[in-house]
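Engineer: Sharing a model that was predicted from the sequence below.
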Amino acid sequence: MILNSPSKLIINAAIPRRLKWGVAGCGNFVETSFLPALNLIQRSKLISVFSHDIKRAEYIAGKFGAQNYSNNFDEFLNYDFDIVYIAGANVNHYEQVIKSAKAKKHIVCEKPAGMNSLQIQEMIDICKENNVIFSVNFTHRFHPLVLKSKELIESGMIGKIVSVSATFNIDYPPNDNFRFKKELSGGGALRDLGSHMIDMLRLFGGDIVDIKGYLDNIVYKSDVEDFASAVVKFEKGGYGYFNVSYNSNKSFNRIEILGHKGIISLENFIGKKNVSAKLIINLQGEAKKAFRKRANKITYMIKSLQRTILKNQVSLVPGDDALKAMKIIEEIERQCR
C-alpha cells in the first residue's frame, strides 16, 4: 500500500542482487536495535561503519561483521555499499546526506533529517539531482497494524475523521547525550519524539494547516525542553493532538483515531520492544474487536527500503515527509520563543 504518491524515481544504475549497507553513527540505537534487525534480513548486508570515534567504529564493525570502518566520512563513502543509514547527531545529518547523495549512495536518515527546513529542502533537491533515494526513518509507519489502520480509515469504515491523538512519553533525565545539547540537536522532546507523533497525525489525518503548540521544562531543567504538546487542524477537516515528554515514568503511549462512525486505537507499539501491539476497532452497532501483532518495526523498515531500491518502488517515507514535519516543528518552536 502506497501512503504517498510522489513521482516514481528512475534508478539508472544496475539493480544489485543484495543490498549493501553503510552505517554512519554508532550510538545505542544502532547497536541495540538497527544492526540486530539488519542482521535478520537475508538480502541486506552491513559493509562499512563510520564514527567520529575510531575505537567505537572498530568495535561496531567487529561486532556486526562489517568489512570496513573509518572515522573519516569521505573515506567511508569510498567503500562499496548501496545505501547509508545516517544515525549520528542531528547537526551532522545535513553534511552527511549531501556528501552521500553526491557519492551516489541511497540514504535513510534519522529524524529530524536536518536542523531546519532549509537544510532538508536542499537535501531533497541534491538527492533528486543525483538520482538517489532519500528516506527518513519514521519507523512507526512500518508496523503492520499501523498500515492496517490506515487502510481501514481510507475504506471509510470509521467515517469522517473527527480527531487523531498521539502520545509518546518516556523518562529520560538529562545526560551527556547530544539530545540535551541544543547546538547538536536543535531541541529536545519535540524534535526527538514529537517528530514521530507529528508523522502519525499526518499519516492518519492528512496535511496540517493550523497549529497551536507549547514547549516547557516541567520536571528536568536543561538546555532543551522536556515536554511538548500541540493541537493541529487538518486540511480536510478534523483536529489532531499530540504530547511528548522526557519526564514520565509511566504512560499509556497510544494513538486514537476518532471517526463519525467509530474509533480505532493503537497500543503497545510506541516506545516498546518485544511486546505485541494491539489494534482495537469499535464501530457503531458492532461488538468491539481487538487484534494483536508482534512486529519489529525496524525489520519492516529495512525490508521496505530493500524493495524500494532493488525493485525500483516508491519510497514509503520520502524526504518530503521529513520536510513537512520539520516545518510544523519550526512553527511550534516559533510560537514558544
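Structural biologist: Now that the structure is in, tell me what you want to look at. Numbering: from 1, shown residues only.

Engineer: Using the record's assignment, carve the protein into domains.
Structural biologist: 19-139+301-312, 144-294 (automatic domain parsing).

Engineer: Please identify the deepest-packed of those domains.
Structural biologist: Stretch with highest mean neighbour count among the domains of the chain: domain 19-139+301-312 (a mean of 20; mean count of other CB atoms under 10 Å). Bear in mind the C-beta positions are built from the backbone N, C-alpha and C, glycine included.

Engineer: Now it: average pLDDT?
Structural biologist: What domain 19-139+301-312 shows for mean pLDDT is 97.

Engineer: Same question for stretch 163-179.
Structural biologist: 97.

Engineer: Grab the nearest non-local neighbour of Leu316.
Structural biologist: Ser304 (5.1 Å; CB to CB, 6 or more residues apart in numbering).

Engineer: I'd say the one you found and Pro318 touch.
Structural biologist: No. Between Ser304 and Pro318 there is no contact under CB atoms under 8 Å: 11.9 Å.

Engineer: all helices of the stretch 101-250 of the chain, in order?
Structural biologist: Using DSSP state H, counting those that start in this stretch, the helices of the stretch 101-250 of the chain run over 117-129, 144-154, 182-185, 189, 195-205.

Engineer: now the longest one, how far from the centre of its chain.
Structural biologist: Helix 117-129 has its average C-alpha position 17 Å from the chain's average C-alpha position, going by CA atoms, centre = their mean, to the nearest Å.

Engineer: Quick one: residues in contact with that helix.
Structural biologist: With contacts defined as CB atoms under 8 Å, 6 or more residues apart in numbering, helix 117-129 is touched by 93-94, 97-98, 101-102, 107, 109, 112-114, 133-134, 319-320, 322-323, 326-327, 330.

Engineer: From start to finish, how long is stretch 176-184 in a straight line?
Structural biologist: 11 Å (CA to CA, to the nearest Å).

Engineer: gap between it and the chain center?
Structural biologist: Distance of stretch 176-184 from the chain centroid (CA atoms, centre = their mean) equals 19 Å.

Engineer: Next: stretch 98-112.
Structural biologist: Using CA atoms, centre = their mean, the offset of stretch 98-112 from its chain centre is 15 Å.

Engineer: what's the straight distance from one end of that stretch to the other?
Structural biologist: Using CA to CA, one end of stretch 98-112 lies 15 Å from the other.

Engineer: Strands of the stretch 1-150 of the chain, residue ranges please.
Structural biologist: With DSSP state E, counting those that start in this stretch as the criterion, the stretch 1-150 of the chain has strands at 19-24, 44-50, 68-70, 83-86, 106-109, 134-136.

Engineer: could I get the ones you listed as JSON lines with distance to Gly240?
Structural biologist: JSON lines is the format used below for the strands of the stretch 1-150 of the chain (distance: least, CB to CB, whole Å):
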{"stretch": "strand 19-24", "distance to Gly240": "33"}
{"stretch": "strand 44-50", "distance to Gly240": "34"}
{"stretch": "strand 68-70", "distance to Gly240": "42"}
{"stretch": "strand 83-86", "distance to Gly240": "28"}
{"stretch": "strand 106-109", "distance to Gly240": "24"}
{"stretch": "strand 134-136", "distance to Gly240": "19"}
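
Engineer: Which of those strands sits closest to Leu193?
Structural biologist: strand 134-136 (14.9 Å; CB to CB).

Engineer: ok, and what's touching that closest one?
Structural biologist: Counting by CB under 8 Å, 6+ apart, 97, 101, 106-111, 113, 123-124, 127, 305, 308, 315-319, 321-322 sit against strand 134-136.

Engineer: again, but for stretch 330-337
Structural biologist: Stretch 330-337 has contacts (CB under 8 Å, 6+ apart) with 116-117, 187, 190, 194, 211-215, 228, 230.

Engineer: Can you flag which of those residues belong to strands?
Structural biologist: Applying DSSP state E to those, the entries found in strands are 211-215, 228, 230.

Engineer: which among these gets closest to Lys63?
Structural biologist: Among the ones in strands among the contacts of stretch 330-337, and counting by CB to CB, the member closest to Lys63 is Ala228, at 34.6 Å.

Engineer: Check the contact between that closest one and His196; I expect there is one.
Structural biologist: No. Between Ala228 and His196 there is no contact under CB under 8 Å: 11.8 Å.

Engineer: joint contacts of those two?
Structural biologist: If you check Ala228 and His196 against CB under 8 Å, 6+ apart, no residue is contacted by both.

Engineer: which residues touch the residue sitting nearest the centre point of the chain?
Structural biologist: Geometric centre of the chain, nearest residue: Phe138, 1.9 Å, by CA atoms, centre = their mean. Contacts for Phe138 (CB under 8 Å, 6+ apart) come out as 111, 195-196, 199, 317, 321, 325.
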